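A.B. asks: Starting from these lines, generate the structure:
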Amino acid sequence: MEQHIQAPISAEDARKLRAGDYVYITGTIYTARDAAHKRMQEALEKGEPLPFEMTQNVIYYMGPSPAREGRPIGSAGPTTASRMDKYASKLLDMGLTGMIGKGKRSDAVKEAIVSNGAVYFAAVGGAGALLSKSILSSEIVAYEDLGTEAVRRLKVKDFPVIVVIDSEGNDLYETAIKEFCQP
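C.D. replies: Numbers count the residues shown, from 1 in each chain. As a prediction, the model looks like this:
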């Protein structure tokens with residue numbers, strides 16, 4: 001099913017999405033990769049605020065290439081999501097509604113997705129140049145010293161993703177294997 005949603009994503013909207021849905025996101029999402037997640041974890045341990053409110057927000061696991069002249073961002077393809085698994089459950093418990101990346105997630109993250117009514121989306125790896133065309137603006141909001149791994153606020157329009165794990169725990173990677181790999 002094809003869905004068009006606004007980000008930030010309400011818990012109600014996240015719960016309506018199903019594994020396998022094609023989704024086009026319009027609104028504000030944030031980027032963070034390994035180094036930024038480590039810094040956010042350190043901030044939480046010190047009782048410091050995070051660079052953005054987690055509630056109803058979406059994190060895109062991405063570090064862009066430099067922008068070409070006249071463009072807000074360079075190639076913007078997804079990073080392997082499992083590298084953020086050790087941080088994801090805590091952020092989901094803090095109200096994070098969505099994550100965008102590529103690849104499988106751990107059982108602990110799947111459980112946190114279900115218990116928090118969140119969703120995990122996949123963006124197509126290798127299509128970073130095409131994905132960047134859906135990004136209207138990019139602004140560094142934290143950890144500028146991390147370069148491409150700095151936290152960015154992106155304004156997106158019809159950013160294409162696929163629901164991989166929905167709020168009920170359905171996992172497209174598992175169901176697709178069963179559906180398409182039957183003898």
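A.B. asks: what ranges do the strands span in the chain?
C.D. replies: Using DSSP state E, the strands found in the chain span residues 2-7, 22-31, 58-60, 98-101, 119-122, 135-142, 151-165.
A.B. asks: Save those as a markdown table, and put in mean pLDDT and distance to residue 14 too.
C.D. replies: (C-beta placed from N, C-alpha, C; glycine too.) Below are the strands of the chain laid out as a markdown table (pLDDT from 0 to 100; distance: least, Cβ to Cβ, whole Å):
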| stretch | mean pLDDT | distance to residue 14 |
| --- | --- | --- |
| strand 2-7 | 96 | 9 |
| strand 22-31 | 98 | 10 |
| strand 58-60 | 98 | 10 |
| strand 98-101 | 98 | 6 |
| strand 119-122 | 98 | 5 |
| strand 135-142 | 96 | 21 |
| strand 151-165 | 97 | 9 |
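A.B. asks: Of these, which is nearest residue 91?
C.D. replies: Ranking the strands of the chain by distance to residue 91, with Cβ to Cβ as the measure, places strand 58-60 first at 7.2 Å.
A.B. asks: Determine the set of other helices and strands touching the closest one.
C.D. replies: For strand 58-60, the packing partners by 3 or more Cβ pairs under 8 Å, 6 or more residues apart in numbering; DSSP states H and E come out as strand 22-31, strand 98-101.
A.B. asks: rewinding a little: residue 46 is nearest to which of the strands of the chain?
C.D. replies: Each of those has some distance to residue 46 by Cβ to Cβ; the shortest is strand 135-142, at 14.6 Å.
A.B. asks: neighbouring strands for that closest one, and are they parallel or not?
C.D. replies: Note on strand 135-142: by DSSP bridges, its sheet partners are strand 151-165 (antiparallel).
A.B. asks: quick one on the thing from earlier: ranking the helices and strands packed on strand 58-60 by burial, who's on top?
C.D. replies: strand 98-101 (a mean of 27; mean count of other Cβ atoms under 10 Å).
A.B. asks: Can you give the strand pairings for it, parallel or anti for each?
C.D. replies: Counting by DSSP bridges, strand 98-101 is paired with strand 58-60 (parallel), strand 119-122 (parallel).
A.B. asks: nearest spatial neighbour of residue 161, skipping sequence neighbours?
C.D. replies: Leaving aside its chain neighbours, residue 161 sits nearest to residue 121 (3.8 Å; criterion: Cβ to Cβ, 6 or more residues apart in numbering).
A.B. asks: So what sits opposite the one you found in the bridge?
C.D. replies: residue 100, residue 163.
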